[in-house]
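K.L.:
Provide a 3D model corresponding to the input given below.
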Amino acid sequence: MEKLLANQFALVTGASSGIGYGVAKALADAGASVALNYHSHAESAEKLADEINQSGGVAIAVKADVSNPADVDAMFEACRARFGTLDIVVANSGLQKDSAFAEMTLEDWQTVLATNLTGQFLTAQAAVKEFRRRGPTSVSKAVGKIICMSSVHEVIPWAGHVNYAASKGGIQMFMKSLAQEVAPERIRVNSIAPGAIRTQINRDAWDTSAARDKLLQLIPYGRVGEVEDIGKAAVWLASDESDYVVGTTLFVDGGMTLYPGFADNG
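P.N.:
Model prediction:
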């Protein structure tokens, strides 16, 4: 199989579980050397790094809180120390702290925004600085690629999850504005917006047949997504196959953003 990302170096934040884990594995399978960022689950990040290394790839695990500027700087320094540079940065770290709006604490609001939005700002800013420092290379048509991890909830309102939805709506305009600013430097910035993906964070939505049937009512394609679906999208966006794709959100959602509740109400 062609290694679309051969000889490239990638960083995936929040790579110790869920979508980030799947994306990191997919990038490694496509030939990239990968830095796996984790915040508090070192074991799973190190396990994936070991698996990649044992299979002939190259991977390291790097601890950092992406909402902390010093941690982000140290994370990029660790990547430079091991790889020399980075070609691909996937700003994936995210979390949920859900509650009804009137009961939502300021701490829960700020915690979600700090990781989901500020964390992407800090990660992408460090990436742009690194791409500018290093300049063009022969391994990619673009000087660098940034992929922001968004959600269908950048466009679909989500009652009871105001902090999360606000963070993802912010990512949409953050990504587009950044893409507009750095595209003349041949730095490509895009987003992936997953729909319902089978991960531990939303286990309650798919773990029983009743819950799964209810969830499938929101997915015209008739199945719950897998982390591999997002991984494949990330590989494509990071490769020269998508070199003319700039400032775009790629929805990987089985049609959830088609608002299936309106299918019989035209």
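K.L.:
list the beta-bridge partners for Tyr38.
P.N.:
Counting by DSSP bridges, Tyr38 forms beta bridges with Lys63.
K.L.:
so it versus Gln172, what's the distance?
P.N.:
Shown here: Tyr38 relative to Gln172, a distance of 26 Å by CB to CB, to the nearest Å. For glycine as for every other residue, the C-beta is placed from the backbone atoms N, C-alpha and C.
K.L.:
more neighbours, the two?
P.N.:
Shown here are Tyr38 and Gln172; by other CB atoms under 10 Å, Tyr38 has more neighbours (25 against 18).
K.L.:
please name the residues that touch the more buried one.
P.N.:
Contact analysis of Tyr38 by CB atoms under 8 Å, 6 or more residues apart in numbering lists 14-16, 44-45, 61-64.
K.L.:
name the member of these with the most neighbours.
P.N.:
Neighbour max across the contacts of Tyr38 (other CB under 10 Å) = Ala15, 32 neighbours.
K.L.:
that one contacts Ala42, doesn't it?
P.N.:
No - applying CB atoms under 8 Å as the test, Ala15 and Ala42 come out as separate, 11.4 Å apart.
K.L.:
tabulate the CA atom coordinates of the helix of greatest length in the chain in CSV.
P.N.:
The residue-count maximum for a helix in the chain (DSSP state H) belongs to helix 162-182. This file holds the C-alpha atoms of helix 162-182, laid out as CSV (Å, rounded to 0.1, in the frame of the first residue of the first chain):
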residue,chain,number,x,y,z
VAL,A,162,-23.5,24.8,25.6
ASN,A,163,-19.8,24.9,26.6
TYR,A,164,-18.9,22.1,24.2
ALA,A,165,-21.0,23.4,21.3
ALA,A,166,-19.6,26.9,21.8
SER,A,167,-16.1,25.6,21.7
LYS,A,168,-16.7,23.7,18.4
GLY,A,169,-18.5,26.7,16.8
GLY,A,170,-15.5,28.7,17.8
ILE,A,171,-13.2,26.2,16.1
GLN,A,172,-15.0,26.7,12.8
MET,A,173,-14.3,30.4,12.5
PHE,A,174,-10.8,30.0,14.1
MET,A,175,-9.9,27.5,11.5
LYS,A,176,-11.2,29.5,8.6
SER,A,177,-9.6,32.8,9.7
LEU,A,178,-6.3,31.1,10.3
ALA,A,179,-6.4,29.3,7.0
GLN,A,180,-7.1,32.6,5.2
GLU,A,181,-4.1,34.2,7.0
VAL,A,182,-1.5,31.6,6.4
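K.L.:
the longest strand along the chain pairs with which strands, parallel or anti?
P.N.:
If you go by DSSP state E, the chain has its longest strand at strand 187-194. Here strand 187-194 is paired, per DSSP bridges, with strand 144-149 (parallel), strand 249-252 (parallel).
K.L.:
so which of those is the most packed in?
P.N.:
Mean neighbour count (mean count of other CB atoms under 10 Å) peaks for strand 144-149 among the strands paired with strand 187-194, with a mean of 27.
K.L.:
for the stretch 101-250 of the chain, what spans make up the helices?
P.N.:
Here the stretch 101-250 of the chain has its helices, by DSSP state H, counting those that start in this stretch, at 106-113, 119-134, 162-182, 209-216, 227-238.
K.L.:
name the residues of the fourth one that are buried.
P.N.:
By neighbour count on 16 or more other CB atoms under 10 Å, the buried set for helix 209-216 is 215-216.
K.L.:
could you do the second one as well?
P.N.:
For helix 119-134, the neighbour count (16+ other CB under 10 Å) marks 119-124, 126-128, 130-131 as buried.
K.L.:
quick one, that helix and strand 187-194 angle?
P.N.:
150 degrees (axes from the mean of the first three to the mean of the last three CA atoms, to 10 degrees).
K.L.:
got the CA positions of helix 119-134 in PDB?
P.N.:
Extracted in PDB, the C-alpha atoms of helix 119-134 (Å, rounded to 0.1, in the frame of the first residue of the first chain):
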ATOM      1  CA  GLY A 119      -5.700  24.500  23.300                       C
ATOM      2  CA  GLN A 120      -6.200  24.500  19.500                       C
ATOM      3  CA  PHE A 121      -5.100  28.100  19.400                       C
ATOM      4  CA  LEU A 122      -1.800  27.400  21.300                       C
ATOM      5  CA  THR A 123      -1.100  24.200  19.300                       C
ATOM      6  CA  ALA A 124      -1.800  25.800  15.900                       C
ATOM      7  CA  GLN A 125       0.200  28.900  16.800                       C
ATOM      8  CA  ALA A 126       3.200  26.800  17.700                       C
ATOM      9  CA  ALA A 127       2.800  24.800  14.500                       C
ATOM     10  CA  VAL A 128       2.800  27.900  12.300                       C
ATOM     11  CA  LYS A 129       5.900  29.200  14.000                       C
ATOM     12  CA  GLU A 130       7.600  25.800  13.400                       C
ATOM     13  CA  PHE A 131       6.600  25.700   9.800                       C
ATOM     14  CA  ARG A 132       7.900  29.200   9.300                       C
ATOM     15  CA  ARG A 133      11.200  28.300  11.000                       C
ATOM     16  CA  ARG A 134      11.800  25.200   8.900                       C
END
